[in-house]
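Colleague: Got a sequence here, can you build the structure:
(one chain, ligands or ions: 1)
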Amino acid sequence: MTHTSWLASITNVLDSYSEPAVLLDEEYNVVATNQHYDHRFKQHSSKGLRKCYEISHGYKQPCDMEGESCPLRAAADSGSTSSVLHIHNTAQGKEHMRIETTPVTDEQERCYFIEVMKPVSEVSAEPIANKMIGRSPAFNALVDRIQRVGKTETNVLLTGPSGSGKELAALALHDVSQRTRKPFVTVECSGLADSLFESEMFGHVKGAFTGAISNRKGLVESARGGTLFLDEVGDIPMHQQVKLLRLIETRTFRPVGDSQAYEADFRLICATHKNLPAMVEANEFREDLYYRISTFPIRLPSLAARKADLPLLVQSILLRIDSHTPFNLDSEAMSLLAEQPFKGNIRELKNILERATVLSDKPDITVDIMQQALDLSTFPEVAENTVARGLLGLAQAKLSLEALEQAYIKQLLAHYSDKSEVANIAGCSLRTLYRKLKVGND
Ligand SMILES: Nc1ncnc2c1ncn2[C@@H]1O[C@H](COP(=O)(O)OP(=O)(O)OP(=O)(O)O)[C@@H](O)[C@H]1O
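Modeller: Here you go, the predicted model:
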């Protein structure tokens with residue numbers, strides 16, 4: 001076989017893929033492409049770039065020298081297929097791609113690589129979509145896990161702080177799975193009344209109890225063929241946990257009042273912001289249930305651990321608030337926002353931005369507006385942060401506590417005309433307020 005006919009046969013292989021695919025040599029040069037690749041990377045290849053890392057990332061050197069894993073290097077080292085998740089610059093913007101790189105040899109035993117790029121549509125690296133957004137390494141590691149385990153039937157336990165995106169991650173797991181066209185059923189475990197647990201979960205037959213006027217399907221049946229998502233699973237009371245355990249172990253359930261058991265068919269995803277191992281230690285959560293539901297645990301990163309995603313998330317949230325005339329943070333407002341600890345994570349970020357858009361008369365949100373939006377925060381940490389910043393100036397002015405109290409009362413009076421309201425905010429009676437004012441004026 002000549003090299004030309006070998007290349008022709010490899011090009012046929014590339015054309016058989018329904019995703020972008022290329023042939024690379026050991027020097028990272030793109031040697032052959034299929035039409036999906038040409039379409040997705042047309043802007044870049046039209047600039048005459050040849051190296052895969054230049055085209056996909058705009059790098060001047062291979063990915064592993066830029067702090068990322070290089071699938072070509074890994075495939076060369078192991079001699080077998082290597083798979084990684086990367087963000088590529090494509091004609092559509094930045095896109096998450098699952099890269100699968102397989103070594104092949106030509107007629108003279110020289111090494112080449114077939115690289116197939118599968119776009120990951122469940123998440124987005126651009127602010128447009130109403131899905132999980134991010135580009136940071138912590139986010140990409142999360143997407144990689146979701147991609148890998150999503151395709152299986154393995155039970156997944158999503159942990160991580162409140163507002164970090166556990167429910168969105170559960171939806172992404174469902175979207176990746178074979179069950180994507182079937183129902184995704186969420187069970188809010190914290191909202192399930194104790195007495196209704198069984199009938200909500202497993203359904204009931206007519207006459208099973210007072211008020212059961214007809215047969216009713218439970219959530220397990222509603223999830224048939226799809227995904228059952230138990231949100232806040234740590235809130236299920238101990239005596240109900242055994243019923244859940246039985247369902248997971250036997251894969252059968254019996255509606256209340258029914259003598260027959262039915263086969264269940266769902267993929268289980270659970271989520272909690274609680275520390276389940278600690279609850280197991282404290283005898284508040286069954287150990288056997290914990291091991292059943294946590295076959296594959298995924299910890300969602302806090303927003304603080306993925307601060308690099310902040311500008312992208314801000315853009316995306318502001319676009320969702322108003323897509324016609326999107327709001328925009330000026331650089332000072334963005335810097336102030338970036339200083340926040342975000343204990344409430346992305347949910348808190350959304351609230352702050354929503355408040356800022358309500359307070360702003362113009363599409364450009366200034367640092368003053370951002371400060372006001374932060375001052376209205378219901379998260380104590382943010383309020384403390386704001387107070388701490390204000391106190392710093394006062395400390396530098398070396399104010400006594402008494403002078404500080406007087407200054408604070410005067411500020412309150414300047415902002416609120418109603419003295420009863422001022423007393424309320426200051427946490428004292430109206431009489432005490434008048435007394436303090438008198439002392440200040442003496
Ligand atoms: N990666 C993300 N990109 C864009 N929006 C996100 C992302 N992750 C979370 N959000 C948004 O943040 C909010 C909180 O997310 P979600 O409800 O999934 O968090 P949670 O971890 O389940 O919270 P809780 O523990 O309080 O139930 C939602 O409005 C969600 O749309």
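Colleague: low-confidence ranges in the stretch 151-300 of the chain?
Modeller: Across the stretch 151-300 of the chain, nothing is flagged by pLDDT under 70.
Colleague: mind listing the strands for it?
Modeller: For the stretch 151-300 of the chain, the strands defined by DSSP state E, counting those that start in this stretch cover 156-159, 184-188, 227-231, 252-253, 262-263, 267-272, 296-299.
Colleague: Give me the phi and psi for the nearest residue to Gly257 once chain neighbours are set aside.
Modeller: Once flanking residues are discounted, Gly257 sits nearest to Ala208: 2.6 Å by C-beta to C-beta, 6 or more residues apart in numbering. Just so you know, the C-beta spots here come from the backbone N, C-alpha and C atoms, and that holds for glycine as well. Dihedral pair for Ala208: phi -60, psi -30, per degrees, to the nearest 10.
Colleague: Report the distance from stretch 22-40 to the chain centre.
Modeller: Mean-position distance between stretch 22-40 and its chain equals 32 Å (C-alpha atoms, centre = their mean, to the nearest Å).
Colleague: circling back: what's near enough to touch the residue nearest to Gly257?
Modeller: Ser199, Pro255, Val256, Gly257, Asp258 (C-beta atoms under 8 Å, 6 or more residues apart in numbering).
Colleague: mind listing what the closest residue in space to Glu284 that isn't next to it in sequence touches?
Modeller: Counting by C-beta to C-beta, 6+ apart, Glu284 lies nearest to Met238, which is 7.1 Å off, once chain neighbours are set aside. By C-beta under 8 Å, 6+ apart, the residues touching Met238 are Glu284, Phe285, Arg286.
Colleague: Out of these, grab the one that's most surrounded.
Modeller: Phe285 (22 neighbours; other C-beta atoms under 10 Å).
Colleague: Next one: that residue from Cys270, what distance?
Modeller: Phe285 is 11 Å from Cys270, where distance means C-beta to C-beta, to the nearest Å.
Colleague: which one is Ser198 nearest to, not counting chain neighbours?
Modeller: Careful, residue 198 is Glu; it's not Ser. Spatial nearest neighbour of Glu198, excluding adjacent residues (C-beta to C-beta, 6+ apart): Val256 at 5.3 Å.
Colleague: how many neighbours does that neighbour have?
Modeller: 19.
Colleague: How much space separates it from Phe285?
Modeller: Distance of Val256 to Phe285, computed by C-beta to C-beta: 24 Å.
Colleague: Please apply the same query to Gly134.
Modeller: With the distance defined as C-beta to C-beta, Gly134 ends up 30 Å from Phe285.
Colleague: Does stretch 318-335 reach the ligand?
Modeller: No. Stretch 318-335 stays out of contact with the ligand when judged by C-beta under 6 Å from any ligand atom, the minimum separation being 8.7 Å.
Colleague: Restricting to C-alpha, output that stretch in PDB.
Modeller: Written as PDB, here are the backbone C-alpha positions of stretch 318-335 (Å, rounded to 0.1, in the frame of the first residue of the first chain):
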ATOM      1  CA  LEU A 318     -27.900  39.300  33.100                       C
ATOM      2  CA  LEU A 319     -28.900  38.000  29.600                       C
ATOM      3  CA  ARG A 320     -31.600  35.800  31.200                       C
ATOM      4  CA  ILE A 321     -32.900  38.800  33.200                       C
ATOM      5  CA  ASP A 322     -33.300  40.900  30.000                       C
ATOM      6  CA  SER A 323     -32.200  39.500  26.700                       C
ATOM      7  CA  HIS A 324     -33.300  42.600  24.600                       C
ATOM      8  CA  THR A 325     -31.300  45.300  26.400                       C
ATOM      9  CA  PRO A 326     -28.900  43.200  28.500                       C
ATOM     10  CA  PHE A 327     -27.500  44.900  31.600                       C
ATOM     11  CA  ASN A 328     -23.800  45.100  32.000                       C
ATOM     12  CA  LEU A 329     -21.500  45.600  35.100                       C
ATOM     13  CA  ASP A 330     -18.800  48.200  34.800                       C
ATOM     14  CA  SER A 331     -15.300  47.100  35.900                       C
ATOM     15  CA  GLU A 332     -15.500  48.600  39.400                       C
ATOM     16  CA  ALA A 333     -18.900  46.900  40.000                       C
ATOM     17  CA  MET A 334     -17.400  43.600  38.800                       C
ATOM     18  CA  SER A 335     -14.400  44.000  41.100                       C
END
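Colleague: Residues touching that stretch, excluding its own?
Modeller: Applying C-beta under 8 Å, 6+ apart, the contact partners of stretch 318-335 are 127-128, 130, 310-311, 314-315, 337, 353-354, 356-357, 360, 363-367, 369-370.
Colleague: In helices only, show me those.
Modeller: Residues from these lying in helices, with DSSP state H as the criterion: Leu310, Pro311, Val314, Gln315, Leu337, Leu353, Glu354, Ala356, Thr357, Val367, Ile369, Met370.
Colleague: Enumerate the positions of stretch 86-106 that are buried.
Modeller: Residues 86-90, 95-101, 103, 106 are the ones in stretch 86-106 that count as buried (16 or more other C-beta atoms under 10 Å).
Colleague: any idea how far Val120 is from Leu158?
Modeller: Separation of Val120 from Leu158 (C-beta to C-beta) stands at 18 Å.
Colleague: And Ser294, by the same measure?
Modeller: Ser294 is 10 Å from Leu158, by C-beta to C-beta.
Colleague: How about Asn89?
Modeller: With distances taken as C-beta to C-beta, Asn89 is found 30 Å from Leu158.
Colleague: What of Tyr53?
Modeller: From Tyr53 across to Leu158, the span is 33 Å (C-beta to C-beta).
Colleague: Comparing the two, which shows the higher neighbour count?
Modeller: In terms of neighbours (other C-beta under 10 Å), Leu158 is the more surrounded of Tyr53 and Leu158; the figures are 27 against 20.
Colleague: Return the residues of the protein in contact with the ligand.
Modeller: With C-beta under 6 Å from any ligand atom as the criterion, the chain meets the ligand at residues 132-134, 162-168, 273, 313, 316, 346-347, 350.
Colleague: Those, buried ones only, as a ChimeraX selection?
Modeller: Per 16+ other C-beta under 10 Å, the buried members of the residues of the chain next to the ligand correspond to this ChimeraX selection:
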select :132,133,134,163,164,165,166,168,273,313,316,346,347,350
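Colleague: follow-up on the earlier one: hmm, Phe197 and the residue nearest to Glu198 touching each other?
Modeller: No. Taking contacts as C-beta atoms under 8 Å, Val256 lies outside contact range of Phe197: 10.0 Å.
Colleague: Checking Val31 next. Helix, strand or coil?
Modeller: Assigned by DSSP: H, G, I helix; E, B strand; the rest coil, the conformation of Val31 is strand.
Colleague: Not counting sequence-adjacent ones, nearest residue to it?
Modeller: That would be Leu23: by C-beta to C-beta, 6+ apart, it lies 4.6 Å from Val31.
Colleague: does that neighbour have beta-bridge partners, and which?
Modeller: Assessed by DSSP bridges, Leu23 has beta-bridge partners Ala32, Ile114.
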